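Visitor: Predicted coordinates and the sequence they were generated for:
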Amino acid sequence: MKLALGLSTCFSRLQISLSDGENYISTSLNYLNQEEIIFKEIEKLCLRFKTDFGDFTDICLVKGPGRFTGMRIAYTLATVYSVLKKVNLWGITALDLLAYNTLESFKDIKKVRIAAISHAFKDEFYLSFYEFSNGKLKQKSKIFWLKEKELLKKLYNFDGYIIGDIEEYPGIYSLFDSYKTAPDNISRIIPENIIKAAFYFKKKDVKPIYLKPANFEVK
């Protein structure tokens with residue numbers, strides 16, 4: 001049986017999902033020291049799936065950008081596991097994941113631009129542009145690390161659709177009153193979509209993305 005594990009340890013919430021390709025079981029917990037509970041929470045999901053920690057064929061992880069120390073938790077678990085067992089590793093950025101959340105909304109639209117945004121620290125944000133065209137979602141820019149004023153300048157006259165993470169930064173959409181923004185139910189890290197998006201983009205690079213110096217990491 002193909003069994004995938006999805007992990008996000010980049011932000012304040014520990015997000016874990018398990019899937020056999022058809023069914024998904026997930027958990028989302030707000031916990032500071034995620035390394036203390038991650039194995040216990042994975043084991044809980046394994047029990048619900050009637051499987052074992054050693055049965056994973058794929059591990060999908062959010063590789064950042066995000067908390068400096070947090071990103072290393074999922075990365076370390078995944079890479080050590082891959083040494084001990086044959087497993088496929090898939091890396092996805094938080095912005096890839098937010099953009100992926102919009103797919104259902106655009107399935108009947110021919111073309112639309114998407115700006116995925118996540119909060120970095122204080123008045124700093126991460127931004128990347130995507131485009132949904134002819135049924136496919138593609139990243140169209142690198143990830144930018146921007147101050148609030150720089151972010152608004154970058155988005156000046158943007159005619160697409162903005163999606164942010166309101167769990168990490170509840171007031172993010174207040175910055176974009178004149179823009180089209182995503183509904184609240186998809187403006188977040190959705191645990192099962194870690195797996196779905198990782199298989200959609202098929203990126204094998206799982207190394208954490210460090211766009212900020214360690215001394216600026218989000219506590």
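Guide: On my side now, so go ahead. Numbers count the residues shown, from 1 in each chain.
Visitor: roughly how far apart are the most centrally placed residue in the chain and G164?
Guide: Nearest residue to the geometric centre of the chain (C-alpha atoms, centre = their mean): A94, 3.0 Å. Counting by C-beta to C-beta, to the nearest Å, the gap from A94 to G164 is 10 Å. No exception for glycine: its C-beta is placed from N, CA and C like everyone else's.
Visitor: okay, and the common contacts of the two?
Guide: Residues touching both A94 and G164 by C-beta atoms under 8 Å, 6 or more residues apart in numbering: S118.
Visitor: Could you count how many residues lie near the closest residue to Y31 other than its chain neighbours?
Guide: Of all residues beyond its chain neighbours, the one nearest Y31 is L14 (5.4 Å), with distances taken as C-beta to C-beta, 6 or more residues apart in numbering. L14 has 26 neighbours, counted by other C-beta atoms under 10 Å.
Visitor: Just the pLDDT at L14, thanks.
Guide: For L14, the model assigns a pLDDT of 97.
Visitor: Let me see the backbone angles for it.
Guide: L14 has phi and psi values of phi -80, psi 120 when expressed as degrees, to the nearest 10.
Visitor: now do L146
Guide: L146 adopts backbone torsions of phi -130, psi 150, taken as degrees, to the nearest 10.
Visitor: Is it bridged to anything, and to what?
Guide: F125 (DSSP bridges).
Visitor: Poorly predicted segments of this structure, please.
Guide: Residue ranges of the chain with pLDDT under 70: 212-219.
Visitor: quick one: the strands in it?
Guide: Ranges of strands within the chain are 4-8, 13-19, 24-30, 58-62, 88-92, 111-121, 124-133, 136-139, 144-147, 161-164, 180-181, based on DSSP state E.
Visitor: got the contact list for the shortest one?
Guide: Outside of strand 180-181, the residues that reach it under the criterion C-beta under 8 Å, 6+ apart are G160, Y161, I162, I163, G164, Y173, S187.
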